[in-house]
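In: Mind folding the following:
(2 chains)
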2 protein chains.
Amino acid sequence: MASVIEVADPADPRLADYRDLRDVELRKHVETEHGLFLAEGEKVIRRAVEAGFQPRSFLMPERRMEALADVLATTDAPCFVMPERLAEEVTGFHVHRGALASLARKPLPSVDEVLAGARSVLVLEDLVDHTNVGAIFRSGAALGFDAVLLAPRCADPLYRRSIKVGMGAVFSTPWTRLPDWYDALPALSARGFTTVALTLAEDSTPIEEAVAGVERVALVLGSEGHGLSPRWEQSADRRAIIPMREGIDSLNVAAATAVACYITSRR
Amino acid sequence: MASVIEVADPADPRLADYRDLRDVELRKHVETEHGLFLAEGEKVIRRAVEAGFQPRSFLMPERRMEALADVLATTDAPCFVMPERLAEEVTGFHVHRGALASLARKPLPSVDEVLAGARSVLVLEDLVDHTNVGAIFRSGAALGFDAVLLAPRCADPLYRRSIKVGMGAVFSTPWTRLPDWYDALPALSARGFTTVALTLAEDSTPIEEAVAGVERVALVLGSEGHGLSPRWEQSADRRAIIPMREGIDSLNVAAATAVACYITSRR
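Out: Modelled structure (predicted):
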């Protein structure tokens, strides 16, 4: 059972995990260096704990405890109780979903573990927007993708915003970081995956054709602004586009991924 | 040619159009009641002006003027020049894209005008998230939709965030408000459109089947949380789902729309 600790001072050092949540650059360092991540809201917290992540602590106003009683019963982590207006001074914003939890990251699995039995995989190069990363995990999970691989510099799926937008798909989908950037795609080809890069390259074919009849597919997605690096674009087995109306800006990466996942799931 | 006016006081009443941009509720009233909307960033401002919207004024630091010189040359509206740190005191945040413009709304076209010649139409019920509205306009434009109709309470496509996410698709896509909510879908059916509601209703069929061979389609989308109202769900000609993996939360509305638009565009 979590130990309930009422905290009156927003400067209390035990609340360090929850400090300045709106400062994205600060949080990136704090969270990865301390091996923690934050979950926000009853539903997401419950999913994180059910997925086997160990809580370090909780922070919520007293009236939120009842809804999470079953979760709090499973852990010895402290539950810091604080009125919302004081908690705001810690986090730097109004926590709409009421409850926060700080959880310990787990060691990332190996690429072998993540790919075991996988038939459809998403590979994200250098996405920078946590909203997009979360949305892509969610679409992949809903549309039949089995795993996600991230380039070394792709944005963190365990960042608070990614988790929230992903509706917890980041807990249920096997994922890891690729150890190497340069030869990441040839290494996937060597494992039996056909790597299909979504890109506007001149030799791109419509994605329906690019994935038709392919047994094991790795769909490769680039960053929001510049798309894929030339190395990844050229080292993929195939380049594919989503056919679009002429003269229109391309789809955003989350929308394009949803469409590409749908098509690939029906190959 | 725009008249260049240096402004030193953030409280200057001529800057009223740009005040407190982060206060969404306030802005909703200010912008619709005064018949204005804000465009942010050189690219979006240029598209708005090219689409025929009349600027009321501009606000930018001096060094941003050169990039917009061609646009400023086309109008007599004042260009208020102010260093960024002072502009922040007006708007309430750091304007990443440097330049802002306040533009006059135009009278909304009639439903007849919007539907003239249209073969594929999006109909949005009560979406509340401006990001989703913008993303849906962008996906619709990219994937061959001709027009967008909005229920009376759907979020504003000319809100700053909708425009930014939509990459200006809201300027290039014909759209209007439906005058009536209750009979909106039967009225579309009477005009020769097959209305296809995206919903998890029990009698939903896979969307590929629902749109197959249909000449004029109106794809009907509900709000992020509760989906379509029972009235709209039941008064649509057909109900359709995007087939998904079991046990997974549905796609978010922007991702679902992108997939549905793609499928519908290839019917």
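
In: Please determine how far residue A:243 is located from residue B:263.
Out: Here the criterion is CB to CB, to the nearest Å. By it, residue A:243 lies 12 Å from residue B:263. For glycine as for every other residue, the C-beta is placed from the backbone atoms N, C-alpha and C.

In: between the two, who's got more neighbours?
Out: Set residue A:243 next to residue B:263 and count neighbours by other CB atoms under 10 Å in any protein chain shown: residue B:263 wins out with 23 against 14.

In: For the stretch 101-250 of chain A, list the residues in contact with chain B, please.
Out: For the stretch 101-250 of chain A, the contact set with chain B under CB under 8 Å from any CB of the partner chain comprises A:135, A:138-139, A:141-144, A:165, A:167-169, A:172, A:242, A:244-245, A:248-250.

In: Out of those, which sit inside helices?
Out: Counting by DSSP state H, these place A:135, A:138, A:139, A:141, A:142, A:165, A:169, A:172 in helices.

In: Kindly reformat those as JSON lines containing distance to residue B:122, pLDDT and neighbour count.
Out: Listed next are those as JSON lines, based on distance: CB to CB, whole Å; pLDDT from 0 to 100; neighbours: other CB atoms under 10 Å in any protein chain shown:
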{"residue": "A:135", "distance to residue B:122": "19", "pLDDT": "95", "neighbour count": "27"}
{"residue": "A:138", "distance to residue B:122": "21", "pLDDT": "94", "neighbour count": "27"}
{"residue": "A:139", "distance to residue B:122": "19", "pLDDT": "95", "neighbour count": "30"}
{"residue": "A:141", "distance to residue B:122": "25", "pLDDT": "95", "neighbour count": "27"}
{"residue": "A:142", "distance to residue B:122": "21", "pLDDT": "94", "neighbour count": "27"}
{"residue": "A:165", "distance to residue B:122": "22", "pLDDT": "90", "neighbour count": "22"}
{"residue": "A:169", "distance to residue B:122": "26", "pLDDT": "92", "neighbour count": "26"}
{"residue": "A:172", "distance to residue B:122": "31", "pLDDT": "91", "neighbour count": "16"}
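
In: with the residues you listed in mind, which one is nearest to residue A:30?
Out: Among those, residue A:165 lies closest to residue A:30 (CB to CB), at 20.5 Å.

In: shouldn't that closest one be in contact with residue A:131?
Out: Yes: Residue A:165 is within contact range of residue A:131, at 5.1 Å (criterion: CB atoms under 8 Å).

In: Which residues outside the helix or strand bottoming out on mean pLDDT in chain A are in contact with it?
Out: The weakest-scoring helix or strand in chain A, judged by mean pLDDT, DSSP states H and E, is helix A:24-33 (a mean of 83). Residues external to helix A:24-33 that are found in contact with it (CB atoms under 8 Å, 6 or more residues apart in numbering or on different chains): A:17, A:19-21, A:36-38, A:105, A:130, A:156, A:158-160.

In: could you point out where the stretch 101-250 of chain A is predicted with low confidence?
Out: A:247-249 (pLDDT under 70).

In: Show the residue spans covered by the helices in it.
Out: A:111-115, A:130-142, A:160-165, A:169-172, A:184-190, A:207-211, A:230-235 (DSSP state H, counting those that start in this stretch).

In: how distant is the second one from the center of its chain?
Out: Helix A:130-142 has its average C-alpha position 7 Å from the chain's average C-alpha position, going by CA atoms, centre = their mean, to the nearest Å.

In: so what secondary structure elements neighbour that helix?
Out: If you count contacts as 3 or more CB pairs under 8 Å, 6 or more residues apart in numbering or on different chains; DSSP states H and E, helix A:130-142 packs onto strand A:120-124, strand A:147-150, helix A:160-165, helix A:169-172, helix A:253-265, helix B:253-265.

In: if you set the cut-off to 7 Å instead, what comes out?
Out: In terms of contacts (3 or more CB pairs under 7 Å, 6 or more residues apart in numbering or on different chains; DSSP states H and E), helix A:130-142 is packed against strand A:120-124, helix A:160-165, helix A:169-172, helix A:253-265.

In: same thing with the fifth one?
Out: In terms of contacts (3+ CB pairs under 7 Å, 6+ apart), helix A:184-190 is packed against strand A:194-198, helix A:230-235.

In: Out of those, which is the most enclosed?
Out: For the helices and strands packed on helix A:184-190, the largest average neighbour count (mean count of other CB atoms under 10 Å in any protein chain shown) is found in strand A:194-198, namely a mean of 24.

In: tell me the angle it makes with helix A:253-265.
Out: Orientation check (axes from the mean of the first three to the mean of the last three CA atoms, to 10 degrees): strand A:194-198 against helix A:253-265 gives 140 degrees.

In: Send over strand A:194-198 as PDB, restricted to the C-alpha atoms.
Out: Extracted in PDB, the C-alpha atoms of strand A:194-198 (Å, rounded to 0.1, in the frame of the first residue of the first chain):
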ATOM      1  CA  THR A 194      11.600  -5.200 -46.600                       C
ATOM      2  CA  THR A 195      12.300  -1.600 -45.600                       C
ATOM      3  CA  VAL A 196       9.900   0.800 -47.200                       C
ATOM      4  CA  ALA A 197      10.700   4.500 -46.800                       C
ATOM      5  CA  LEU A 198       7.800   7.000 -47.000                       C
END
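
In: What strands line up against that strand, and which way round?
Out: Paired neighbours of strand A:194-198 in the sheet (DSSP bridges): strand A:217-221 (parallel), strand A:238-241 (parallel).

In: is it possible to export those to TSV including mean neighbour count and distance to residue A:63?
Out: Shown next, in TSV, are those (neighbours: other CB atoms under 10 Å in any protein chain shown; distance: least, CB to CB, whole Å):
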stretch	mean neighbour count	distance to residue A:63
strand A:217-221	27	42
strand A:238-241	20	51
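
In: and of those, who's closest to residue B:125?
Out: Within the strands paired with strand A:194-198, the stretch nearest residue B:125 is strand A:217-221; the backing value is 30.6 Å (CB to CB).

In: thought residue A:259 was touching residue B:258?
Out: Yes: look at residue A:259 against residue B:258 with CB atoms under 7 Å: they come within range, at 5.2 Å.

In: Between these two, which has more neighbouring residues?
Out: More neighbours surround residue B:258 than the other of residue A:259 and residue B:258, with 30 against 27 (other CB under 10 Å).

In: now that one, nearest residue through space, not along the chain?
Out: residue A:255 (3.7 Å; CB to CB, 6 or more residues apart in numbering or on different chains).

In: Tabulate the helices and strands packed on helix A:130-142 (TSV), appending distance to residue A:87.
Out: Converted to TSV, the helices and strands packed on helix A:130-142 look like this (distance: least, CB to CB, whole Å):
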stretch	distance to residue A:87
strand A:120-124	33
helix A:160-165	15
helix A:169-172	24
helix A:253-265	31
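
In: Among the ones in helices among the residues of the stretch 101-250 of chain A next to chain B, find me the one that's closest to residue A:235.
Out: The closest of those to residue A:235 turns out to be residue A:139 (CB to CB; 24.7 Å).

In: how much space is there between the closest one and residue A:255?
Out: Distance of residue A:139 to residue A:255, computed by CB to CB: 9 Å.

In: Give the residues shared as contacts by those two.
Out: The contact sets of residue A:139 and residue A:255 overlap at residue B:255 (CB atoms under 7 Å, 6 or more residues apart in numbering or on different chains).

In: circling back to that earlier point, narrow the contacts of helix A:24-33 to just the buried residues.
Out: Buried by 16 or more other CB atoms under 10 Å in any protein chain shown: A:17, A:19, A:21, A:36, A:37, A:38, A:130, A:156, A:158, A:159, A:160, out of these.
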